[in-house]
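[1] I would like the atomic coordinates for the input below:
(one chain, ligands or ions: 2)
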Amino acid sequence: MIDELSHILWSSPTLRPESDCACAEETGSPVMLCSSPGQIMDSDCACVEAEALSESVWRSSTTPDCDCACAEALPASALALAPNLWQLPETLYRASLQQHQTLVFNPTGRGVIAALDASALARLECFARPQTLTDAMDRQLAMLGLISPLDAPVEFPAPQTLTAWLHLTEACNLRCTYCYVHQGPRAMDEAVGIAAVEAVFRSAVAHGYRAVKLKYAGGEPTLVWPLVPFLHRYAQDLAAGTGLDLRATLLSNGTRLTGSMLDWLAGNNLRLMVSLDGIGVGHDVQRPFADGRGSFDSMARNLDLALAADVALYLSVTVTGRNVAGLADTVRFALERDLAFHLNFSRAPEDVAQVQNPAEQARWIEGLRAAFAVASTYPGRRIDALLDLATFTAPHTYPCGAGRNYLVVDPAGRIAHCQMRLEASVTDVWTDDPLAAIRAENTSFSNPPVDTKPTCRTCLWRHVCAGGCPLLMCNTVSPYCSLYRALLPEMLYLEGLRLLKATGSAA
Ligand code: SF4
Ligand code: SF4
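    Numbering: from 1, shown residues only. Ligands and ions are numbered 1, 2, ... in the order given. Sure thing, here's the model as predicted:
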């Protein structure tokens, strides 16, 4: 049975007598199976955003977070069906599936992954020669973003959300092997916290944003718990006063969550992102307590409490050379609990260095492939938005919002581009417009659009991964480029097979 929220099945009941193309010779009703855009997962960076996805077409397009500086996307040109000529997009991706179906995906389209039978594909290919829309199927191809208006440049809408990482404390009760945060005793006090929230709203209003997203982070933010509800109440007041939407996520290692914290998160619609790196010892080797004990058991116990409390829960998995072999089990753990999750590539220098080695790359690919194979067996879950900063759902030109629509505030109120660059602050919360200051300082930090990156600008996947984390650009290309190139086509193929299976069309 088709899950109505994640698929549509379209079948043209008529032939096309008025067409002057070769497809007029096709017999039978063209059939097109489509997987609608999915969710953009939260990660601990400035995540990809997909809020521009049109709800007039897709009813399921909610937008989870990531733990980075989320990017935003969707070509505005795709939203209107202009009465002019339409054409095949230059970068349309096609691959053979089972049962004479062809997988089709437009990397600059609307995030739709489609399986077309021979008749539907023939009609689609007719648009190699620009022409007008002549019937319902043509309009459907246009609505799904599988064909584009002639000569219309791909445009990416401006972000609507200003995101801020509030680094509430430097302290943590864990000693994760890949952690990039300086640990220390400093914590934000209430006065700095209030100034930080005010600064975020001040810049949001000044730059015309419609929403503010706060990430309560650290260190481990539950160590300074009363500060979270205190600041969030203040942010709620500012949101009400300014008319801006407010969204918020607590980024936690999950070991210190209590029933009252979870009830408060659920009652105030905060998302909870918990880090999970493996099952049992697979988690413990990367995420031990300060005294060396493993943290899996207490974290997993609290996940169950969070589920029982109905908290909007997401798992953030940091992939390293140490846990990549166990990723399939980690993904299964998440899916068995129906939890959303995201796979982040480690930013630790040793992982980044090791993954340059072809043998190590092959090991990562094998581990990730096994994880996707597990994911593909779960119905109702699109194979997407799982791989660090890459998503089919939301074509994007910047990998993250750092330097554009992202502020990172340290415990002293200093503001930096990225949580990995806390020590390189460029302004503070007492500045009139900290976002303007962050944008103006582009010598110490650079986040260029992918179309300007020499190694990426002609790549088919450039609007799917956008070149990866800007801080990791070694020798001008992402150290994870080979993984993107190897796995993105495989993910599309798996999604195509899942689509056939969900609609009873698989072999
Ligand atoms: S620069 Fe890299 S680490 Fe920083 S927010 Fe962007 S993707 Fe995340
Ligand atoms: S990082 Fe690699 S896969 Fe991504 S756009 Fe650049 S060249 Fe393409």
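
[2] so residue 412 sits right up against residue 184, yeah?
    No - judged on Cβ atoms under 8 Å, residue 412 makes no contact with residue 184 at a distance of 11.2 Å. Quick note: C-beta positions are derived from backbone N, CA and C, even for glycine.

[3] contact residues of the stretch 351-500 of the chain facing ligand 2?
    Within the stretch 351-500 of the chain, the positions near ligand 2 by Cβ under 6 Å from any ligand atom are 450, 455-456, 459, 461-462, 465, 467-468, 477-478, 481, 484-485.

[4] select only the buried ones of the residues you listed in ChimeraX?
    If you want just the buried ones from those in ChimeraX, going by 16 or more other Cβ atoms under 10 Å, the selection is:
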select :450,456,459,461,462,465,467,468,477,478,481,484
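
[5] so where's this structure shaky on pLDDT?
    Applying pLDDT under 70 to the chain flags the ranges 1-28, 36-44, 46-83, 474-475, 507.

[6] which one of the residues of the stretch 351-500 of the chain next to ligand 2 is nearest to ligand 1?
    Within these, proximity to ligand 1 (Cβ to the nearest ligand atom) peaks at residue 468, which comes in at 7.7 Å.

[7] all helices for the chain, in order.
    Using DSSP state H, the helices of the chain run over 118-126, 136-143, 190-206, 227-242, 259-267, 281-284, 296-308, 327-336, 349-354, 358-375, 434-440, 462-465, 481-502.

[8] same for ligand 1: which of the residues of the stretch 351-500 of the chain next to ligand 2 are within range?
    Counting by Cβ under 6 Å from any ligand atom, no member of these reaches ligand 1.

[9] tell me how many other residues crowd the residue in the stretch 51-200 of the chain positioned nearest to ligand 2.
    Nearest to ligand 2 in the stretch 51-200 of the chain, going by Cβ to the nearest ligand atom, is residue 107, at a distance of 9.9 Å. When neighbours are counted by other Cβ atoms under 10 Å, residue 107 registers 20.

[10] got the end-to-end distance for stretch 95-115?
    9 Å (Cα to Cα, to the nearest Å).

[11] now it, how far from the chain's geometric center?
    With Cα atoms, centre = their mean, to the nearest Å as the basis, stretch 95-115 stands 20 Å off its chain's centre.

[12] can you pull the buried residues of it?
    For stretch 95-115, burial by neighbour count (16+ other Cβ under 10 Å) applies to 97, 101-115.

[13] and the furthest pair within these?
    Every pair in the buried residues of stretch 95-115 was compared (Cβ to Cβ); the two farthest apart turn out to be 101 and 108, at 22.6 Å.

[14] how about the residues of the stretch 251-400 of the chain near ligand 1?
    Residues of the stretch 251-400 of the chain lying near ligand 1 (Cβ under 6 Å from any ligand atom): 347, 389, 399, 400.

[15] with neighbour count added, can I get the residues you listed in a markdown table?
    Formatted as a markdown table, those follow (neighbours: other Cβ atoms under 10 Å):
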| residue | neighbour count |
| --- | --- |
| 347 | 21 |
| 389 | 32 |
| 399 | 32 |
| 400 | 28 |
